[in-house]
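Engineer: Here you go, sequence then predicted model.
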Amino acid sequence: MELYTYFRSSAAYRVRIALNIKQLEAEHRFVHLVRDGGEQHHHGFHKLNPQERVPVFVDGGKPIAQSMAIIEYLEEIHPNPPLLPGDTADRAWVRSLANLVACDIHPLNNLAVIQYLQREFDIDDAAKTKWFHHWMNEGFKALEAILAKDPRVKTYCYGNKVSMADLFVVPQVYNAKRFDLDMSAYPTISRINEACLQLDVFKRAAPENQRDAE
């Protein structure tokens, strides 16, 4: 097993957590997203993933892109400990939380989007931060409202065991704090994030604990 990763990539962060929970070892292949124009654009990596994004997970020579697909794959080949509930409706709900982050918050704050805004519209750092904060706040407002009122939410997003939803929430909070987003309006998200960060599987996956961290 191989994981093409970058320490600050929140999508790769999700997969690192999943691998730790499943107690699976993957050889890390580091792809620096900024150095030399971005190593994800180099020919060798482009051949592996024409979208030029991390993470890419390779098992048995077969590459899988997209963090959600990778985590679903890991869940299927190593179902224990599970990242999804047994109840069908609850599984869909956990997936919906993960997708709120993966589909609605993260893409608008992706490196490629920010680089495009800087290149085409010449935005400065203040405008970049304003963009980040706006879209993170939009997503977190909805996520907080969902988590704060649902009885399924306890220590973690779903009950007292880590689920797929937590794997998506924690890296997004990391991004928010990196760009100095005020998290005071999101006490439930913050509480769940802190609970997760006490666990070894999250600590070992954290960006600052990766071999390519800078």
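Structural biologist: Everything's here; your move.
Engineer: Could you pull out the strands in the chain for me?
Structural biologist: Using DSSP state E, the strands of the chain run over 2-5, 27-30, 56-59, 62-65.
Engineer: List the buried residues for the last one?
Structural biologist: By neighbour count with 16 or more other CB atoms under 10 Å, strand 62-65 contains the buried residues 64, 65. In short, each C-beta sits where N, CA and C put it, glycine included.
Engineer: name the helices or strands packed onto it?
Structural biologist: Contact partners of strand 62-65 among helices and strands, from 3 or more CB pairs under 8 Å, 6 or more residues apart in numbering; DSSP states H and E: strand 56-59.
Engineer: quick one: strands adjacent to the strand it packs on?
Structural biologist: strand 2-5 (antiparallel), strand 62-65 (antiparallel) (DSSP bridges).
Engineer: The ones you listed: which one's closest to residue 136?
Structural biologist: Judged by CB to CB, the one of the strands paired with strand 56-59 that comes nearest to residue 136 is strand 2-5, at 22.5 Å.
Engineer: pull the CA atoms of the closest one into PDB?
Structural biologist: Extracted in PDB, the C-alpha atoms of strand 2-5 (Å, rounded to 0.1, in the frame of the first residue of the first chain):
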ATOM      1  CA  GLU A   2       1.200   3.500  -0.900                       C
ATOM      2  CA  LEU A   3      -0.300   6.900   0.000                       C
ATOM      3  CA  TYR A   4       0.700  10.000  -2.000                       C
ATOM      4  CA  THR A   5       0.300  12.800   0.500                       C
END
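Engineer: looking at the strands of the chain, which is closest to residue 111?
Structural biologist: Comparing those against residue 111 with CB to CB, the closest turns out to be strand 2-5 (14.1 Å).
Engineer: and the closest one, how far out from the chain's middle?
Structural biologist: 14 Å (CA atoms, centre = their mean, to the nearest Å).
Engineer: And for stretch 101-115?
Structural biologist: Using CA atoms, centre = their mean, the offset of stretch 101-115 from its chain centre is 11 Å.
Engineer: Can you give me the end-to-end span of stretch 41-60?
Structural biologist: Chord length of stretch 41-60, first to last residue, is 24 Å (CA to CA, to the nearest Å).
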